[in-house]
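**Q** 3D, please:
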Amino acid sequence: MFDPTQFTRAHWLLSPLVIFGRYAVMCIICYLIFYIWKRRIWLYRKIQHKFPQGADYQREIGYSALTSIIFGAISWLLLGTSLRQYTQFYTDVHQYGIVWLIASIPLTLLVHDAYFYWLHRWMHQPKWYRLIHLTHHKSVNPSPWAAYAFHPIEALLEAGILPVLLIFIPLHPISFFGFITLMLLFNVYGHLGYELFSRKTYEHPIGRWLNSSVHHNLHHEKFNGNFGLYFTIWDRLCGTLREDSLDKIEEVHGRVREVRG
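**A** From the prediction side, this is the model:
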């Protein structure tokens, strides 16, 4: 069984392959289920009824492969070279205790959500949007393959969360791998193109703060608003949650109710 505490500096050279491999496996599973096997049966849950073209998938996979190389390179520089001494990466669970080990994972998500929100808003300024973020927004109707489809500069900026977390927050390998796994899961889910939440989720005291596939799909379709990644916290605080988000949610769940009778 893989033991992340035994992941040596030399092993970090494999980071690009590991990152792209995880992305590919997750996207293949989602693509086969939602875009091939259940394509017709679950069409009522498709947020936008149309499907991407073959060229869209090719573009998304190509840019995602490049992003994986960049993410892997940053991980290697931070944890596979002498720069590791400047991080708070540790391998002994007892150094900070099991409570911190568990708590550090949601903390990484909260920090990353804030980092992503403000970076994302900045990239929507006209100059930077055309130069950097437009590549990602070519997926107006995204598929799971769009999860990492970034311009190289955006990929480098997105990877900036890694030094932020590793330098300022003590992270055990389990916490670090937990974070990058959840990051991938949320990215793939956000670009899935299908609604998986129940209608009641949006009214739940906790669920209302979660960013759904509907929220992010609407961002891709309309190009603005709904800038969050994991949560709607910053969108709500800063007034950037799209006012038509609830309308879109009702539209999709209206179809769900019709099918279920």
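**Q** Keeping just the C-alphas, turn the host helix or strand of residue 165 into PDB.
**A** Using DSSP states H and E, residue 165 sits within helix 161-168. Provided in PDB are the C-alpha atoms of helix 161-168 (Å, rounded to 0.1, in the frame of the first residue of the first chain):
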ATOM      1  CA  ILE A 161      -1.600  28.000  -3.600                       C
ATOM      2  CA  LEU A 162       1.000  25.300  -3.000                       C
ATOM      3  CA  PRO A 163       3.800  27.500  -1.600                       C
ATOM      4  CA  VAL A 164       1.200  29.500   0.300                       C
ATOM      5  CA  LEU A 165      -0.100  26.400   2.100                       C
ATOM      6  CA  LEU A 166       3.300  24.600   2.500                       C
ATOM      7  CA  ILE A 167       5.100  27.700   3.800                       C
ATOM      8  CA  PHE A 168       2.500  29.000   6.200                       C
END
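**Q** Low-confidence bits of the stretch 1-150 of the chain, can you list those?
**A** Where the stretch 1-150 of the chain drops to pLDDT under 70, the residues are 1-14.
**Q** same thing but at 80, please
**A** 1-17 (pLDDT under 80).
**Q** ok, back up a step: and the helix holding residue 165, average pLDDT?
**A** Helix 161-168 shows a mean pLDDT of 97.
**Q** can you state the direction angle for the helix or strand that comes right after that helix and helix 161-168?
**A** Downstream of helix 161-168, the next assigned helix or strand under DSSP H and E is helix 173-190. Orientation check (axes from the mean of the first three to the mean of the last three C-alpha atoms, to 10 degrees): helix 173-190 against helix 161-168 gives 150 degrees.
**Q** so how far is the next helix or strand after helix 173-190 from its chain's centroid?
**A** Downstream of helix 173-190, the next assigned helix or strand under DSSP H and E is helix 213-222. Relative to its parent chain, helix 213-222 has a centroid offset of 13 Å by C-alpha atoms, centre = their mean, to the nearest Å.
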